[in-house]
Structures are given as structure tokens and as C-alpha cells.
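Student: only geometry, no sequence info:
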């Protein structure tokens, strides 16, 4: 059962640490409360599978903490910059998410400040959990993976490289049959986009994941797939993308 704490009562239950993690700084908490208010946040909601000081949160990473919040417009997710993060602001990450949204990828960006990104609330299974789930069928697997790869393809065409999809288990959630690519803080429009390349290597070249997917899909030898992937990486063409889809039984 979740617990809702209005911003004016953020110090109750020690919840202020979520705004100034990992070291509590009361003045920083006050600044971030004001930033949250300006974005329309009215309360935080303690829920999620991860814990910080015994408090449930949606996510915890090297740069930020993600919590559920209540806003004037409804539920949302709030990513809060860690005070020890290797970047001074979330503005660039928010801009990368905005660009991803233009390609219909990623949670919808609602607003941002130096220390906060307010976005659509997305919940589901991490990709690795979903891959290990025994109670889906081949049709579900194919539809979900095709949607995921089509998202990566749109990012490639947009010229936005996610930058972390070689570690997709940390950056993709699956809700039902709907995938969602998260965390665009390391993304760039300056380097060559390699989202399809990273995802196919993660899913179909990686030994563990390939073994799981071979139950549902007819997969080629790695050498054949790598050759086709090399061609796609060189051209980013629709024809070479379709060849990849055919090889991994997703066309």
C-alpha cells in the first residue's frame, strides 16, 4: 500500500532524503521543493520496488532517483538529480527526452528544471524479468520485440543515439505487450545513432538472452546476423532493417 506525502510535509518519515540523495541537505531540499512546485507537483507517493532508507521508490540509478508524484494534472514520475551526480543539471537529459518524444519514444516529458524531470508515469517489468517470464506465447514475444525494435529504428532515423541500450535490462520496461525505453540522460545527437545495433546485440547475440528467445523465435547463426547488422549499421536503410527483421523472425 502506497503512502502519499504532500510537499509541505516532506520531512515526515524522513522522506526529504529522496530530494537530496544520498546526503541530506536541508537547504537543497527546500530549493528542490520549490522546483517541484513550479512543475506542478503537489505530493510524493511512496511506492515502487526499490528502497532508499526503507522508503519505496520507482527507481534508483547513478544520476537520479525516480519517485511517483501527484500533480495538478494527475499522476506522474519525478526524476530527482542525486546531489553526487556527475552532471550539474538535468536540462540536457530533458532535451534528449523531448527529441525522443518527437519520434514517439520514451515517457512523455511534462516539464524539467535543473534538478528535476517530470514525466509520464510508466510501470512494468524490467526487460530481463520479462524475458524470463514463462507464461507468454510466441505471438506476444514477437509483437513486443517488434514494437521495441521499431522504437529503436525511429530513434536511429531521428539521429538520436540512446547510448545505454547495450545494457537494455536497465533501460527498458515492458507493460503487457508495450515496451518503453527510459533514461535519455546519456543520449546524443552528435554521435552516430546505433540503437538497433545495440538492441540486437543485446537480445540476439548475447548468449543468455539468445537462449531465452530461441524458445519463441527461429534465429540464424550469429555470423549471419552480425553480417546483416553490419550492413544496416552502414546504411540505416529500410531494406537492411527489413532483412534484420526477417532474420530474427519478426517481419
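Tutor: Received it, and whenever you're ready, just let me know what you need. Everything numeric here is computed off the predicted structure, so don't read it as measured data.
Student: residue contacts, residue 56?
Tutor: When the contact criterion is C-beta atoms under 8 Å, 6 or more residues apart in numbering, the partners of residue 56 are 2, 46, 47, 48, 49, 50. Glycine gets a C-beta too; all of them are placed from N, C-alpha and C.
Student: could you turn the buried ones of these into a ChimeraX selection?
Tutor: ChimeraX command restricting these to the buried ones, with burial defined by 16 or more other C-beta atoms under 10 Å:
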select :46,47,48
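Student: now, which of the contacts of residue 56 sits nearest residue 11?
Tutor: Ranked by distance to residue 11 (C-beta to C-beta), those are led by residue 46 at 13.9 Å.
Student: make JSON lines out of the contacts of residue 56 and add pLDDT, secondary structure and distance to residue 244.
Tutor: Output for those, formatted as JSON lines (pLDDT from 0 to 100; DSSP: H, G, I helix; E, B strand; the rest coil; distance: C-beta to C-beta, whole Å):
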{"residue": "2", "pLDDT": "87", "secondary structure": "coil", "distance to residue 244": "42"}
{"residue": "46", "pLDDT": "97", "secondary structure": "strand", "distance to residue 244": "43"}
{"residue": "47", "pLDDT": "96", "secondary structure": "coil", "distance to residue 244": "38"}
{"residue": "48", "pLDDT": "95", "secondary structure": "coil", "distance to residue 244": "35"}
{"residue": "49", "pLDDT": "93", "secondary structure": "coil", "distance to residue 244": "33"}
{"residue": "50", "pLDDT": "95", "secondary structure": "strand", "distance to residue 244": "34"}
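Student: what about residue 5, neighbour count?
Tutor: Residue crowding around residue 5 was assessed by other C-beta atoms under 10 Å; the count is 20.
Student: please read the previous query as pertaining to residue 8.
Tutor: 11.
Student: quick one: secondary structure of it?
Tutor: helix (DSSP: H, G, I helix; E, B strand; the rest coil).
Student: where's it relative to residue 15, distance?
Tutor: Here the criterion is C-beta to C-beta, to the nearest Å. By it, residue 8 lies 12 Å from residue 15.
Student: could you do residue 61 as well?
Tutor: Following C-beta to C-beta, the distance that separates residue 61 from residue 15 is 19 Å.
Student: and those two? which has more neighbours close in?
Tutor: residue 15 (20 against 16).
Student: tell me who's in contact with that one.
Tutor: Listed by C-beta under 8 Å, 6+ apart, the contact partners of residue 15 are 5, 44, 46, 55.
Student: now go through the residues you listed and say which are in strands.
Tutor: Here DSSP state E is the test, and these give 5, 44, 46, 55 as lying in strands.
Student: low pLDDT regions in the stretch 1-150 of the chain?
Tutor: Within the stretch 1-150 of the chain, no range satisfies pLDDT under 70.
Student: please redo it, this time with the cut-off set to 80
Tutor: 1, 13, 134-135 (pLDDT under 80).
Student: show me where it has strands.
Tutor: Across the stretch 1-150 of the chain, reading from the start of the chain, the strands by DSSP state E, counting those that start in this stretch fall at 3-6, 41-46, 50-52, 55-57, 59-60, 64-71, 74-81, 109-112, 116-119, 125-126.
Student: name the residues that touch the second one?
Tutor: What it means is strand 41-46. The list of residues contacting strand 41-46 from outside it, by C-beta under 8 Å, 6+ apart, reads 2-7, 10, 13, 15, 18, 55-57, 67-72, 75-76, 78, 118.
Student: from the residues you listed, list just the buried residues.
Tutor: Among these, the ones that count as buried by 16+ other C-beta under 10 Å are 5, 7, 10, 15, 18, 55-57, 67-71, 76, 78, 118.
Student: quick check: mean pLDDT of stretch 172-185?
Tutor: Looking at stretch 172-185 alone, the average pLDDT works out to 95.
Student: next, the buried residues of it.
Tutor: Result for stretch 172-185 [16+ other C-beta under 10 Å]: buried residues 172, 173, 174, 177, 179, 180, 181, 182, 183, 184, 185.
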